[in-house]
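Asker: Can you look at this prediction? I've put the sequence above it.
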Protein chains: 2
Amino acid sequence: MNRMSMINAFDPSTLEALDPSSRALIERRQRVLGPAYRLFYEDPLHLVRGDGVWLYDPQGQAYLDAYNNVASLGHAQPDVVRAIAEQSATLVTHTRYLHEGVLQLAERLLATLPSEMSHVMLTCTGSEANDLAYRLARTVTGNTGVIVTQLAYHGVTHSVAEFSPSLGQGVPLGAHVRVVPPPDAYRGETDVAGAFGRAVAAAAQDLQEAGHGLAMLIVDSIFSSDGVYADPAGFLAPAVAAARAAGGLYVADEVQPGFGRTGAAMWGFQRHQVIPDLVTMGKPMGNGYPVAALVAQAKHLERFGREARYFNTFGGNPVAAAAANAVLDVIERDALIQHAHRVGAHLITQLHDLAARHPAIGDVRGVGLFIGVDLVQDLSTRAPDRELATRLVNALRQRKILLSASGPGGNVLKIRPPLAFQIEHADLLITALDEILSSAP
Amino acid sequence: MNRMSMINAFDPSTLEALDPSSRALIERRQRVLGPAYRLFYEDPLHLVRGDGVWLYDPQGQAYLDAYNNVASLGHAQPDVVRAIAEQSATLVTHTRYLHEGVLQLAERLLATLPSEMSHVMLTCTGSEANDLAYRLARTVTGNTGVIVTQLAYHGVTHSVAEFSPSLGQGVPLGAHVRVVPPPDAYRGETDVAGAFGRAVAAAAQDLQEAGHGLAMLIVDSIFSSDGVYADPAGFLAPAVAAARAAGGLYVADEVQPGFGRTGAAMWGFQRHQVIPDLVTMGKPMGNGYPVAALVAQAKHLERFGREARYFNTFGGNPVAAAAANAVLDVIERDALIQHAHRVGAHLITQLHDLAARHPAIGDVRGVGLFIGVDLVQDLSTRAPDRELATRLVNALRQRKILLSASGPGGNVLKIRPPLAFQIEHADLLITALDEILSSAP
């Protein structure tokens, strides 16, 4: 298992090389935000405005955003901005009073999910949603064990950080946590689904023997931090079956693939023909407004609802509901799932074309507007080329195109733009990648 | 220890008695939000609009809000609404890019705190801030134990729920958690500060013997869910000293008393002349926008910053910062600390006057606009009168005045209005209380 430091992090020891204005801001950050904060890029970016797929620095220079899935519809999307402004001026209160907005939101979310999923609980962040999933899984199963993939990221609460290996060696995994390799069709076994299922079964067995038992298998079906794995569709099914056979729940963490990004369905797990016990969602849900949720099968809430209760002060407040309802409106009105499919397919085709000309590209994978480009030192050994990934990410930033990298080798370019991304934007990215790959290091 | 079910919760078995429109909304809630959600009041309130201290139902009837401290400046406060609308239309991104707003916010918060407090970390909720405090306290001390007061509420993540006894028996406390009685000058020992300090010392000793050691003592200095305890000012000092002597940190949970509400200072702990190791803040911070924070002494972040990192997707985003900066602007511009002091003092005087005429009022306590009215069956035995509190809360709701109750006996009226509350509003509340107390049950 490789749990390294953050990919694409600014190195503070190079502060002196930056322009005075960035340096001044970074010094203020160090002074008041402290040592646990990280910045992106060798030359960190100061942003002041966003519009669609474009972000702007104080000089008015435009950056093409091929990375941010929080403003998932596009930066400053006007329908969502209007919903937030209007509801903020009308009422912000909480779920211990009756309000239409949160009910509409819950009903609309449930309509996009398998009929087994029946109840929505609102939180503010994906971390809170995954934390609540863990509380529920413990209550339902009576077990405490968790299975995650090798470099999974599920959040930052104490409990969730204990099952988020991507946070690095400095954040110890819990004794009740087991990691399994992701379903990697490029470097893993040929039988991707079978191998993933067998790994989950073995981890569950190990948890059983250690006395923890299995509370849940939690999986981001696009494997964002593991290096982006999407195919073959269906590869989750044996692992889900293995988790259930061990008495655990299957939690679909939809923070990354959810809200239409895969271009195949509203939710990432749907490509894999599995029905989750719990679904969590976050980042794109309010296009920047802090809103997240957990959706559960009714049977999993019975005991928790009877013995405990759940209240999240800001969770599901009228503005959160208005923002999230507006996001659903826009996804539907603008047919963004179909759009993500169309633009993503174009991008993937173009990337395959690049790969045919640049042997540094070992693999192109993903679906819709969530794509990984696996950079290798050698096509036959498939050895990860982290250095090239770092060079590309920073060279693209100098050309005013934003993305980052992922995976245990830090060598997988992660392309995950706002859904407002068009064919013309894809072509800008492809041209820049082509030029940088063609130039000497 | 009395850990009962939620105070002032709607009883779903009485659904049939409600008007058809409320019933329909509640049935939708049960269907889509599920059994873990609770409503306030025997007759739950449907709210559609807020303005200052007033909340409105769909018929346009106005309710005087004497309870909600999230919209702490007042509902739909125009400066905050404008800040949220403008920044939402400009840019929402995260702290891995440079942005002025979060730095201004951190600098302004630090300026209100003792000079020992040097770094701000932004989260979305008070739960997340307290969860992060626990992660830090474990890292700094190497211990895991937590001391809280008997009916404390600190949040809903798995870790924080384990030290939030007010969630009730269905949410088990952790084996590493000890509870102590709050500093209760009405029913507790005469030497309030000494007794509280001795209880903390004994709990720390017990944690030591059990092998957990003490990571932190976490205290809401207004003891909101314990029943509201404010005096004598200074009563925290021996407990803080005892926690530190045992190797633990002192965490000031300012979610309830913070942002000027006590009328004595910006932060509740300041009345008690203690310097926290960590401060957490939440609810009122964005006047309804989900923003919260942890503030730490620099020395407590050294190891965590080196070994771990902290990133909260929505935490400290430009809109969160704009909302929180606007809140600070308004507190300062409108001198709300002084205002809370003035209106709170008037309210407390009037409540004492009521107490002189109504023997059901055993004690009036609190500071600024955070006040508890302790209802008793008998002035000499001081036996809590939960039934009367329930009757008062619901009778006030029928007279369109909103508050709730607190404490292990469920008998302490909790008065915690938006800071826009004026003398005239206080008088409306006093008149209504007087009339209800004078009427037959």
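Answerer: Thanks, I have the structure now.

Asker: any idea how far A:Ser225 is from A:Thr262?
Answerer: For A:Thr262, the distance to A:Ser225 equals 16 Å [CB to CB, to the nearest Å]. For the C-beta atoms, the positions are set from N, CA and C on the backbone; glycine is no exception.

Asker: ugh, wrong one, I meant A:Val200
Answerer: Counting by CB to CB, the gap from A:Val200 to A:Ser225 is 18 Å.

Asker: of the two, who's got more company?
Answerer: Legend: neighbour count by other CB atoms under 10 Å in any protein chain shown for A:Val200 and A:Ser225, higher for A:Val200 (28 against 25).

Asker: can I assume that one sits in a helix?
Answerer: Yes. Counting by DSSP: H, G, I helix; E, B strand; the rest coil, A:Val200 is found in a helix.

Asker: shouldn't it be in contact with A:Val180?
Answerer: Yes. Taking CB atoms under 8 Å as the definition, A:Val200 is a contact partner of A:Val180 at 5.7 Å.

Asker: Which neighbours do these two have in common?
Answerer: Common contacts of A:Val200 and A:Val180, defined by CB atoms under 8 Å, 6 or more residues apart in numbering or on different chains, comprise A:147, A:239.

Asker: Now do the strands in the stretch 151-300 of chain A.
Answerer: A:177-180, A:214-219, A:249-253, A:278-281, A:292-297 (DSSP state E, counting those that start in this stretch).

Asker: among these, which is nearest chain B?
Answerer: Closest approach to chain B among these (CB to the nearest CB): strand A:292-297, 7.2 Å.

Asker: Just the angle for that closest one relative to strand A:249-253, thanks.
Answerer: Here strand A:292-297 points in a direction 150 degrees away from that of strand A:249-253 (axes from the mean of the first three to the mean of the last three CA atoms, to 10 degrees).

Asker: hmm, the next helix-or-strand element following strand A:292-297 touching chain B?
Answerer: The C-terminal neighbour of strand A:292-297 among helices and strands, as given by DSSP states H and E, is helix A:302-307. Yes. Under the criterion of CB under 8 Å from any CB of the partner chain, chain B is reached by helix A:302-307 at A:302, A:304-307.

Asker: and the gap between A:Ser439 and B:Gly74?
Answerer: Counting by CB to CB, the separation of A:Ser439 from B:Gly74 is 58 Å.

Asker: of these two, who's got more company?
Answerer: Using other CB under 10 Å as the criterion, A:Ser439 and B:Gly74 rank with B:Gly74 on top: 24 against 9.

Asker: How about that one: what's its closest non-neighbour residue?
Answerer: Distance criterion CB to CB, 6 or more residues apart in numbering or on different chains; nearest residue to B:Gly74, sequence neighbours excluded, is B:Ala420 at 3.3 Å.

Asker: circling back to that earlier point, tell me which of the strands of the stretch 151-300 of chain A sits nearest to A:Leu103.
Answerer: A:Leu103 lies closest to strand A:292-297 among those, at 13.3 Å (CB to CB).

Asker: in chain A, which segments are predicted with low confidence?
Answerer: Applying pLDDT under 70 to chain A picks out residues A:1-4.

Asker: Helices of that one, start to end?
Answerer: A:20-32, A:78-90, A:100-111, A:126-141, A:158-161, A:192-209, A:237-245, A:302-307, A:318-333, A:336-357, A:386-398, A:423-438 (DSSP state H).

Asker: list the contacts for A:Ile147?
Answerer: For A:Ile147, the contacting residues are A:177-180, A:200, A:203-204, A:207, A:214, A:216-218, A:243, A:248, by CB under 8 Å, 6+ apart.
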